[in-house]
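Novice: Here's a sequence, model it:
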Amino acid sequence: MPNPRRRPARDDELLSASVRAFAARGYFGTSTARVAAEMGVSQPYVIRTFGSKLELFVRTHAHAARAITRTFRDAAGGGFDPDRLGAAYRSLVVSHPADVLVWAHAFSAATAEPVIGAESRRQFDEVYRTLRDAGGSDQELWAFMGRGMLINNLLLMEAPRFADAYDFGPLVDLVFGPSPESPRGAAGAPRLDQE
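Specialist: Numbers count the residues shown, from 1 in each chain. Reported below is the predicted structural model:
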């Protein structure tokens, strides 16, 4: 539960830092000390402010998920158009990969941590409803969201960074655009060490 004495802008700033901290190693691989360092505060402050690591991750995941849902809501103004919605998601992935990584890390932690599982299902449902309300049928959402999950998995395995070492390089270029290091061209593949 948010502390009423903290300003919402400060809360947003802290959760944005938490997104950056959890993006690289997920829930299980990130300590509250690492999150505190990214926030620029002490570890006791993080626990006092957010409670347990589990509560912090759930709040962080919700923060990242809001960016994803907002991206789809903003792009869905003219109805369900997979090209327009896909371009909006790709833009989010390229400009803020940490949000998408935290979103994806929640899915992988869902079976081990029931609270994360419930939150990830709730957030997935929010995206689903947003796209359905834009006019997408279940058949269209199956194809569209499946492509989004491919993007998430490519990010999780750092495929843009290592694409030239594998045969799937052309697929990565199709999804993200050729990386500057790629002999196939230079565009904007996301870098996980930037945000």
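Novice: For the helix or strand hosting V46, which helices and strands make contact with it?
Specialist: For V46, the element it lies in under DSSP states H and E is helix 43-50. In terms of contacts (3 or more Cβ pairs under 8 Å, 6 or more residues apart in numbering; DSSP states H and E), helix 43-50 is packed against helix 32-39, helix 53-75. From N, CA and C alone the C-beta is placed, and that goes for glycine too.
Novice: okay if I get those as CSV plus mean pLDDT and distance to F22?
Specialist: Below are the helices and strands packed on helix 43-50 laid out as CSV (pLDDT from 0 to 100; distance: least, Cβ to Cβ, whole Å):
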stretch, mean pLDDT, distance to F22
helix 32-39, 95, 7
helix 53-75, 96, 6
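Novice: would JSON lines of the ones you listed with mean neighbour count be doable?
Specialist: Formatted as JSON lines, the helices and strands packed on helix 43-50 follow (neighbours: other Cβ atoms under 10 Å):
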{"stretch": "helix 32-39", "mean neighbour count": "19"}
{"stretch": "helix 53-75", "mean neighbour count": "20"}
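Novice: Relative to E13, which of these is closest?
Specialist: Ranking the helices and strands packed on helix 43-50 by proximity to E13 (Cβ to Cβ) places helix 32-39 first, at 8.2 Å.
Novice: how far off helix 32-39 does the helix holding V46 point, in degrees?
Specialist: Here helix 43-50 runs at an angle of 90 degrees relative to helix 32-39 (axes from the mean of the first three to the mean of the last three Cα atoms, to 10 degrees).
Novice: Pull out the buried residues from helix 43-50.
Specialist: For helix 43-50, a neighbour-count test (16 or more other Cβ atoms under 10 Å) marks V46, T49, F50 as buried.
Novice: Send over it as CSV, restricted to the C-alpha atoms.
Specialist: C-alpha atoms of helix 43-50 as CSV (Å, rounded to 0.1, in the frame of the first residue of the first chain):
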residue,chain,number,x,y,z
GLN,A,43,18.1,-1.1,1.5
PRO,A,44,16.3,-0.5,4.8
TYR,A,45,14.5,2.4,3.1
VAL,A,46,13.3,0.1,0.3
ILE,A,47,11.9,-2.4,2.8
ARG,A,48,10.4,0.3,5.0
THR,A,49,8.8,1.9,1.9
PHE,A,50,7.7,-1.1,-0.1
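Novice: Check the offset of that helix from the chain's centre.
Specialist: Relative to the centre of its chain, helix 43-50 is centred 23 Å away, using Cα atoms, centre = their mean, to the nearest Å.
Novice: which residues are contacting that helix?
Specialist: Helix 43-50 is contacted by residues N3, R6, L14, T32, A33, V35, A36, M39, L56, R59 when judged by Cβ atoms under 8 Å, 6 or more residues apart in numbering.
Novice: what does stretch 135-148 give?
Specialist: The contact list for stretch 135-148 (Cβ under 8 Å, 6+ apart) reads G79, F80, P82, L85, G86, Y89, V127, Y128, L131, R132.
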